[in-house]
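Build me a model:
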Amino acid sequence: MWLSAHVRQPLFASLLICAACECNKGLPDSGTGRSVEVAQVRTLVHNAGTSEAPFALADTSFSALVADDAGQRVVYPLILGPGSARFDDLPFGPYFLTFSNYNIRTNENRVDLGLVSLGRATAGVTDGGTSVQLDLTGLEPWEPASDVLQLTSENAGYVALNAQSHVVEPPDAGATAARFDLDWLRACSSLRFGLATLVDADAGDVLTVTQLRSERVADAGMLELRTLVRAGTVGTLTVADHGATPIAVALAPPATIERFDLDYRQSLFEALKGQVHPQATTASSSVLVTAVPYTAEHGSYTAAPDLAVLRPQQTATDVRLAFDTGNPFPASWPKYVTARYLLQVDYAFPDGGSRAVTTALVTQDLLGNVDGGPLAPRISPPRAVKIDGADALTRRQISRRPVLTWDPPLAGTPSSYGVTLYRFTRVGSGPVIAVSEVAFFEIVETRLEVPFGEVEPGGEYAFGVTAFDAPGTDVQKAPFKGAFPFGQAAALTAMMRVDPALMNGP
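I've put the predicted structure just below:
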């Protein structure tokens, strides 16, 4: 799966202990099962290269779900130390490794649950109550509800992609100088465990502030193009925790201007809409050109600053556009392109009210692979989804352990599949319907038996079955680590009611 919280990076074998069954040529040394070893280490990318910080696994929700004669059972690991754990005597065969609401089905004896983050390990953090008073000069005349302010301090690991949305009072229209009183935690797009890192000039941290400006382009209908028009860098900022830190930043046109040529084949994304769901409607369409700090080795491993954003107003028409934008970041930083075609399905609740579920067709690759070439879907949605053997597009009652099956997509090569469980509930007795993602399962097969207890009797659920095309990843060995290129496409089912009569087990 590809999310900001589910990125994939190389396996760090030195943190894993040899599994007993492998050390004995596949034979267990005791009991009737095998040992499975798990490591979780955060790899931090910063000015000096990379460093590693192991997680305290004892403080996480972490278990294995295995099959047995009674159906299934939960197994908890032996914590060996920071970032290292072992399951003893697991049955041979596939099992689910569960980490919070994420579940990966694997048959590996060694699994890396590590991930990659931006910034140095020594960066301080804040849990809130911290503000930065940005006194900016040299702005292009500010346009409220259109211009975007972004902050990047890569060595500290701090990125804010919509800083203007987290200020006490936005600047007036037309302002070329303004003060932004910024809520540092709320603005952060690169949180660590819900905390925002602090910039420290003494540690070599530098802050880059950029302004992106929108314009209308009469191409394929009205196209909104947002480009980077102003930038400023300051190396004297040290953000004080639980306090207000003033800083003046002078913005100017970026010294480096780059030209991009994008051929966005929206019609091919639009053509997949019916495969997502017969009632799917287009919510939005966009293309982002992003500068990823330091390296492309780990895919889109962190929130990162934008160089340009395209938002077509007509979402079924192909767009070909060459344009210029500023780039104040190091020339060595790779650039990648993300096409995101957002679709939604409105679900009617049985006794009134409705709520929409949103999903996206996503294609992501390095700019060098798509600049001037067609930007099209990498993969199409899974086909012929069934629940308990029946068509998943027809509402009906399902079992407490529903079995989902599907056919591979017509286009693309799936590296894995994800199944998302959406639960619908009424808020109080009023008209508001809430939807929550209660669990996510990632597998490489085209069949999932949802474990007992994941759906509740009488509950209302829809399911999303996503095909991922990520040839540089191995989700069974390192599910949270990624690489370019990447694609995803989902098929959504009808809303189903779980059998309320089965109250005493599977």
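
Which residues lie in contact with residue 412 in this structure?
377-380, 467, 469, 487, 489 (Cβ atoms under 8 Å, 6 or more residues apart in numbering). Every residue, glycine included, has its C-beta placed from N, CA and C.

Now it. Nearest residue, chain neighbours left out?
Spatial nearest neighbour of residue 412, chain neighbours left out: residue 379 (2.8 Å); criterion: Cβ to Cβ, 6 or more residues apart in numbering.

Quickly list what residue 105 is bridged to.
Beta-bridge partners for residue 105, by DSSP bridges, are residue 96.

That one contacts residue 447, correct?
No - assessed by Cβ atoms under 8 Å, residue 105 is found out of contact with residue 447, at 10.3 Å.

When these two are compared, which one has more neighbours?
residue 105 (19 against 11; other Cβ atoms under 10 Å).

Which pLDDT value goes with the residue nearest to residue 412?
At residue 379, the model reports a pLDDT of 98.

ditto for the one 5 residues further on
The confidence metric pLDDT takes the value 98 at residue 384.

Make residue 1 into 34 and carry on from there
Sure thing, new numbering starts at 34, so read that last one as residue 417.

quick one: the helices in the stretch 234-383 of the chain?
Ranges of helices in the stretch 234-383 of the chain, per DSSP state H, counting those that start in this stretch, are 299-303, 306-309.

re the thing from before, going by distance to residue 325, which of the contacts of residue 445 wins?
For those, the closest approach to residue 325 (Cβ to Cβ) belongs to residue 520, at 17.6 Å.

Apart from its chain neighbours, what residue comes closest to the closest one?
Excluding the flanking residues, the one nearest residue 520 by Cβ to Cβ, 6+ apart is residue 411, at 2.7 Å.

tell me the contacts of that neighbour?
By Cβ under 8 Å, 6+ apart, the contact list for residue 411 reads 396, 445, 502, 518-520.

when you check those against the helices, which ones overlap?
Among those, DSSP state H puts none in helices.

How is the protein divided into domains?
Per automatic domain parsing, the structural domains of the chain span 46-146, 158-286, 291-379+387-408, 416-531.

Tell me how many other residues crowd the residue nearest to residue 217 when sequence neighbours are not counted.
Spatial nearest neighbour of residue 217, excluding adjacent residues (Cβ to Cβ, 6+ apart): residue 163 at 4.2 Å. Look at residue 163: counted by other Cβ under 10 Å, it has 22 neighbours.

just residue 201 next, same as before
11.

Low-confidence regions, the stretch 234-383 of the chain specifically.
For the stretch 234-383 of the chain, the stretches with pLDDT under 70 are 251-254.

same thing but at 50, please
Residues of the stretch 234-383 of the chain that meet the criterion pLDDT under 50 lie in 253.

Now do stretch 145-152, average pLDDT.
Stretch 145-152 carries an average pLDDT of 95.

now stretch 513-526
96.

so how far is the first residue of it from its last?
The first and last residues of stretch 513-526 sit 26 Å apart, counting by Cα to Cα, to the nearest Å.

Look up the closest residue to residue 468, ignoring the ones flanking it.
Once flanking residues are discounted, residue 468 sits nearest to residue 388: 4.8 Å by Cβ to Cβ, 6+ apart.

Looks like residue 163 contacts residue 230 (just checking).
No - under the criterion of Cβ under 8 Å, residue 163 makes no contact with residue 230, lying 10.8 Å away.

and residue 525, what are its bridge partners?
With DSSP bridges applied, residue 525 shows beta-bridge pairing to residue 497.

What is the neighbour count of residue 405?
Residue 405, neighbours per other Cβ under 10 Å, totals 12.

what pLDDT does it get?
Note for residue 405: predicted pLDDT of 88.

How about the contacts made by the nearest residue to it once chain neighbours are set aside?
Using Cβ to Cβ, 6+ apart and skipping the chain neighbours, the partner closest in space to residue 405 is residue 294 (4.4 Å). Residue 294 is in contact with 353-355, 404-405, counting by Cβ under 8 Å, 6+ apart.

need those residues in TSV with distance to residue 274, can you?
Formatted as TSV, these follow (distance: Cβ to Cβ, whole Å):
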residue	distance to residue 274
353	48
354	44
355	45
404	42
405	47
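
does residue 184 really touch residue 244, like I thought?
No - counting by Cβ under 8 Å, residue 184 stays clear of residue 244, with 11.0 Å between them.

how about TSV for the domains of the chain, with distance to residue 152 added?
Below are these laid out as TSV (distance: least, Cβ to Cβ, whole Å):
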stretch	distance to residue 152
domain 46-146	6
domain 158-286	2
domain 291-379+387-408	8
domain 416-531	17
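
Now the residue nearest to residue 255 when sequence neighbours are not counted. Its backbone dihedrals?
Computed as Cβ to Cβ, 6+ apart, the closest residue to residue 255 that is not its neighbour in sequence is residue 346, at 4.3 Å. Dihedral pair for residue 346: phi -80, psi -30, per degrees, to the nearest 10.

Residue 346: neighbouring residues, count only.
Neighbours of residue 346 under the rule other Cβ under 10 Å: 13.

I'd like to know how far it sits from residue 377.
Distance of residue 346 to residue 377, computed by Cβ to Cβ, to the nearest Å: 17 Å.

can you pull out the strands in the stretch 134-283 of the chain?
135-139, 143-145, 148-151, 158-159, 164-170, 181-186, 191-193, 210-216, 229-230, 240-251, 255-267, 277-283 (DSSP state E, counting those that start in this stretch).

if I read this right, residue 201 contacts residue 219, doesn't it?
No - using Cβ under 8 Å, residue 201 is not in contact with residue 219, being 11.3 Å away.

Stretch 237-246: which residues count as buried?
Of all the residues in stretch 237-246, those buried under the rule 16 or more other Cβ atoms under 10 Å are 238-246.

which one of these sits closest to residue 305?
Using Cβ to Cβ, residue 245 is the member of the buried residues of stretch 237-246 that lies nearest residue 305, at 29.3 Å.

Please name the residues that touch the closest one.
By Cβ under 8 Å, 6+ apart, the contact set of residue 245 is 180-183, 259-262, 339, 341-342.

for residue 392, same thing?
Contacts of residue 392 by Cβ under 8 Å, 6+ apart are 309, 375-378, 497, 499, 523, 525.

Confirm that it lies within a strand, as I assumed.
Yes - under the criterion used here (DSSP: H, G, I helix; E, B strand; the rest coil), residue 392 sits inside a strand.

what bridges to it?
Beta-bridge partners, per DSSP bridges, of residue 392: residue 376.

Show the residue spans covered by the helices in the stretch 84-233 of the chain.
Assigned helices in the stretch 84-233 of the chain, in chain order: 217-220 (criterion: DSSP H, counting those that start in this stretch).

where does it have low pLDDT?
Ranges of the stretch 84-233 of the chain meeting pLDDT under 50: none found.

tally of neighbours for residue 518?
Going by other Cβ under 10 Å, the residues that sit close to residue 518 add up to 18.
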